[in-house]
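Q: Structure, please.
(chains A and B)
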Amino acid sequence: GQQVMQIPQYQHVQEGEDFTTYCNSSTTLSNIQWYKQRPGGHPVFLIQLVKSGEVKKQKRLTFQFGEAKKNSSLHITATQTTDVGTYFCAGRDGGQNFVFGPGTRLSVLP
Amino acid sequence: KAGVTQTPRYLIKTRGQQVTLSCSPISGHRSVSWYQQTPGQGLQFLFEYFSETQRNKGNFPGRFSGRQFSNSRSEMNVSTLELGDSALYLCASSLVGPQMNTEAFFGQGTRLTVV
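A: Below you'll find the predicted structure:
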């Protein structure tokens, strides 16, 4: 079945540094979504990408969807302590199952 | 408007027992999905319901079942509980069915502990 991988598993950065997490699927995705889960919280939707090569920005966050629609990335510029949490990518395959990646846990040191 | 409501928030059960968890989606949302979240396995898809019909099912044993009512509220049931079923169970609702690309809104989850 479909597999969605994310790297790195953990990332520790100093406040102000940039951060990037990568998401790779074994199959072509119809769309990809990104969620953020704060410690002790529940996943919260950040953004959805649908088109091949699509790039979207939300303030300091930049999201990309690969040309082949099998990979995606989330880049945070100048991290802040409020960015702490686990970032999940999730994609829907041709069979309409929604699969989450294992997540990248971000720690930001003040 | 109110978000996704899951009850109970916490639950402690004994091995062999069964448990029923409830999820009330956002008003107007017809699609409800369930996920199991554990530290080692991440977010695992259990099943998705739309208009009272199960549209998709993940790779979980038959002990895990669910249903959706006409008001879109959903329940999931786990029978013959095992220690490994201890997890955070998350429910997510979305506006339309699985054929559309819409964001999922998650509830706070039910923390199930099996002892």
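Q: what's the closest non-adjacent residue to the residue nearest to the spatial centre of chain B?
A: For chain B, the residue lying nearest the average C-alpha position, counting by Cα atoms, centre = their mean, turns out to be B:Trp34 (3.0 Å). Spatial nearest neighbour of B:Trp34, chain neighbours left out: B:Leu46 (4.0 Å); criterion: Cβ to Cβ, 6 or more residues apart in numbering or on different chains. Backbone N, C-alpha and C define where each C-beta goes, glycine included.
Q: Does that neighbour touch B:Gln37 like I think?
A: No: with contacts counted by Cβ atoms under 8 Å, B:Leu46 stays clear of B:Gln37, the gap being 10.5 Å.
Q: Overlap in contacts, the two.
A: Taking Cβ atoms under 8 Å, 6 or more residues apart in numbering or on different chains as the contact rule, B:Leu46 and B:Gln37 both touch B:Tyr89.
Q: helices or strands next to the worst-scoring helix or strand of chain A on mean pLDDT in the packing?
A: Lowest by mean pLDDT, DSSP states H and E among the helices and strands of chain A is strand A:98-100, with a mean of 84. Using 3 or more Cβ pairs under 8 Å, 6 or more residues apart in numbering or on different chains; DSSP states H and E as the contact test, the elements touching strand A:98-100 are strand A:85-92, strand B:42-50.
Q: 6 Å instead?
A: strand A:85-92 (3 or more Cβ pairs under 6 Å, 6 or more residues apart in numbering or on different chains; DSSP states H and E).
Q: quick one: strands adjacent to the strand it packs on?
A: strand A:31-37 (antiparallel), strand A:98-100 (antiparallel), strand A:104-109 (antiparallel) (DSSP bridges).
Q: Any regions of chain A where pLDDT drops low?
A: Residues of chain A meeting the criterion pLDDT under 70: A:1-2, A:94-96.
Q: Which residues of it lie near chain B?
A: Residues of chain A found near chain B (Cβ under 6 Å from any Cβ of the partner chain) are A:Asn31, A:His42, A:Pro43, A:Phe45, A:Gln96, A:Asn97, A:Phe98, A:Phe100, A:Pro102, A:Gly103.
Q: returning to what we had before: gap between the strand or helix carrying the residue nearest to the centre of chain B and the chain center?
A: In the assignment (DSSP states H and E), B:Trp34 maps to strand B:31-38. Averaged C-alpha coordinates place strand B:31-38 at 4 Å from its chain's average position (Cα atoms, centre = their mean, to the nearest Å).
Q: List the buried residues for that strand?
A: B:Ser31, B:Val32, B:Ser33, B:Trp34, B:Tyr35, B:Gln36, B:Gln37 (16 or more other Cβ atoms under 10 Å in any protein chain shown).
Q: Show me the beta-bridge partners of the first one.
A: Following DSSP bridges, B:Ser31 is listed with bridge partners B:Phe50, B:Ser94.
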